[in-house]
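Chemist: This is the structure alone, sequence omitted:
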């Protein structure tokens, strides 16, 4: 899945799980909001 996103966007995602907030943050070159991260 990460490779498919890289092919489509040109951005490598190495934080998993890939959430919509993480993808949008990667596209904007920022970090995801802390509340968007999954809780352990």
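Modeler: Nice, thanks for sending it over. None of the values given here were measured: they were computed from a predicted structure. Numbering: from 1, shown residues only.
Chemist: Show me the shaky parts of the protein.
Modeler: 31-40 (pLDDT under 70).
Chemist: Tell me the spacing between residue 4 and residue 12.
Modeler: 12 Å (CB to CB, to the nearest Å). Glycine gets a C-beta too; all of them are placed from N, C-alpha and C.
Chemist: typo on my end, it should be residue 30
Modeler: Taking CB to CB, one finds residue 30 at 15 Å from residue 12.
Chemist: Also residue 23?
Modeler: On the measure of CB to CB, residue 23 and residue 12 end up 12 Å apart.
Chemist: Quick check on those two: which one has the bigger neighbour count.
Modeler: More crowded of residue 23 and residue 12, by other CB atoms under 10 Å: residue 23, with 16 against 10.
Chemist: So the more buried one is in contact with residue 8, correct?
Modeler: No: using CB atoms under 8 Å, residue 23 makes no contact with residue 8, being 10.0 Å away.
Chemist: in this structure, which spans are helices?
Modeler: 2-9, 20-28 (DSSP state H).
Chemist: Comparing these, which stretch has the densest surroundings?
Modeler: helix 20-28 (a mean of 15; mean count of other CB atoms under 10 Å).
Chemist: Now do that helix against helix 2-9, angle only.
Modeler: Orientation of helix 20-28 against helix 2-9 (axes from the mean of the first three to the mean of the last three CA atoms, to 10 degrees) gives an angle of 40 degrees.
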